[in-house]
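In: sequence? don't have it. structure:
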């Protein structure tokens, strides 16, 4: 096989379902060096990233699905505040954020499955406040790739902590050459 | 906190210990679209990446630690064949490769802990066939970052399958802008 660009709701759901367990396995109980350090000024730590995933689960994915189903293109999505997690994570531990994420994701997916979407629904259109016309399938594919973009970021933020420690091997380690592509 | 570049054996082991469970949570039982597709000609799928981690576990990490402990700089490491997994993964399922990885990693870490390394040991030097003089701590930090570089690659290979499916959102998804930095 090479690559596939065809969206499948069932395949996307399989991926979305397991992200909480992936983050749990990777992060729960790790020493602070891996959890609280970032890539320097104004960048995100693993703690910040999990907080952001929680905010997206609360304010972004299913609310936008609902907007498309109820209002189509007539009502633009609410803009998503990428910094909302600063307030929402305040006073919480990483373990609490991981528990929140597992619960929120499970609620989102239950709500998604309750819609019993048919193939024709996937072509429904909505209005993104900056990108303009988008389809429901594009929104759902983006939800899955958004999980992956933050897993990508997590691996990079954690690897950054050993940027000097690896010595000359840095030449061989691709993750240390990743420029970050804005946040994700 | 910002960043930390200080190597700690205990912290590195905590990370190395959990990689098998992270890959299990992310990959076991996923549909083929996520497991067998790659980024195009001569690139690696998730299946190939797990196979490569197994080969590195067999031929690279602990064998090189042992070479440093027994021979210091006098004997260069065996070069590592990055394509060894083609033969070693043949006929296996992803699930078998994940089981192999959990067992191999657990054996490696038991062997590492049996060495009862002290801080003075971490400064011991060995000879890399291409990079020249390296230290034991650099080798151990590289082992941990090598896990992360392949998690980085996995997230990118999987996201690539939905490169078109996300429509205009591709502009916001950093993982889709990652050039790959050679393999990792």
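Out: Everything's here; your move. None of these values were measured; they are calculated from a predicted model.

In: Go ahead and confirm residue A:54 touches residue A:104.
Out: Yes. Contact criterion C-beta atoms under 8 Å: residue A:54 and residue A:104 qualify, at 6.0 Å. Quick note: C-beta positions are derived from backbone N, CA and C, even for glycine.

In: Compare those two and say which is more crowded by neighbours.
Out: Higher neighbour count among residue A:54 and residue A:104: residue A:54, with 23 against 19, using other C-beta atoms under 10 Å in any protein chain shown.

In: Tell me which residue lies nearest the centroid of chain A.
Out: Centroid-nearest residue in chain A: residue A:147, 3.4 Å away (criterion: C-alpha atoms, centre = their mean).

In: Work out for me the element it sits within.
Out: Using DSSP states H and E, residue A:147 sits within helix A:136-160.

In: just checking, what packs against that helix?
Out: Judged by 3 or more C-beta pairs under 8 Å, 6 or more residues apart in numbering or on different chains; DSSP states H and E, helix A:136-160 is in contact with helix A:9-27, helix A:46-59, helix A:61-71, helix A:119-122, strand A:125-128, helix B:136-160.

In: Can you lay out the ones you listed as CSV showing distance to residue B:81 and mean pLDDT?
Out: Putting the helices and strands packed on helix A:136-160 into CSV (distance: least, C-beta to C-beta, whole Å; pLDDT from 0 to 100) gives the following:
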stretch, distance to residue B:81, mean pLDDT
helix A:9-27, 28, 97
helix A:46-59, 33, 96
helix A:61-71, 43, 98
helix A:119-122, 44, 95
strand A:125-128, 47, 98
helix B:136-160, 15, 97
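
In: Pick the most buried one from these.
Out: The highest average neighbour count among those, using mean count of other C-beta atoms under 10 Å in any protein chain shown, belongs to helix B:136-160 at a mean of 26.

In: Compute the inter-axis angle for it and helix B:46-59.
Out: Helix B:136-160 and helix B:46-59 are oriented at 170 degrees to each other (axes from the mean of the first three to the mean of the last three C-alpha atoms, to 10 degrees).

In: can you pull the contacts of the residue nearest to residue A:74 when sequence neighbours are not counted?
Out: Taking C-beta to C-beta, 6 or more residues apart in numbering or on different chains, and ignoring the residues beside it in sequence, residue A:74 has residue A:127 as its nearest neighbour in space, at 7.7 Å. Applying C-beta atoms under 8 Å, 6 or more residues apart in numbering or on different chains, we find residue A:127 in contact with A:73, A:74, A:75, A:76, A:77, A:133, A:134.

In: from these, which single one is nearest chain B?
Out: residue A:134 (5.8 Å; C-beta to the nearest C-beta).

In: Could you count how many residues lie near that closest one?
Out: Applying other C-beta under 10 Å, I find that residue A:134 has 22 neighbouring residues.

In: and it, what does it touch?
Out: By C-beta under 8 Å, 6+ apart, the neighbours of residue A:134 are A:125, A:126, A:127, A:128, B:167, B:168, B:169.

In: do that again at 10 Å, thanks
Out: Contact analysis of residue A:134 by C-beta atoms under 10 Å, 6 or more residues apart in numbering or on different chains lists A:64, A:68, A:73, A:77, A:124-128, A:142, B:166-169.

In: Please determine how far it is located from residue A:148.
Out: Distance, residue A:134 to residue A:148, by C-beta to C-beta, to the nearest Å: 19 Å.

In: Now secondary structure too, for the contacts of residue A:127, in a markdown table please.
Out: Below are the contacts of residue A:127 laid out as a markdown table (DSSP: H, G, I helix; E, B strand; the rest coil):
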| residue | secondary structure |
| --- | --- |
| A:73 | helix |
| A:74 | helix |
| A:75 | coil |
| A:76 | strand |
| A:77 | coil |
| A:133 | strand |
| A:134 | strand |
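
In: Using PyMOL, make a named selection holding only the buried ones among these.
Out: Command for PyMOL that selects the buried part of the contacts of residue A:127, burial taken from 16 or more other C-beta atoms under 10 Å in any protein chain shown:
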select buried, chain A and resi 77+134
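
In: So residue A:168 sits against residue B:126, correct?
Out: No. Using C-beta atoms under 10 Å as the test, residue A:168 is too far from residue B:126 to be in contact (11.8 Å).

In: Residue A:123 and residue A:133 touch, don't they?
Out: No. Contact criterion C-beta under 10 Å: residue A:123 and residue A:133 do not qualify, at 11.6 Å.

In: residues in contact with the nearest residue to residue A:21 once chain neighbours are set aside?
Out: Among residues not flanking residue A:21 along the chain, residue B:25 sits closest, at 3.9 Å (C-beta to C-beta, 6+ apart). By C-beta under 10 Å, 6+ apart, the residues touching residue B:25 are A:18, A:19, A:20, A:21, A:22, A:23, A:24, A:25, A:26, B:18.
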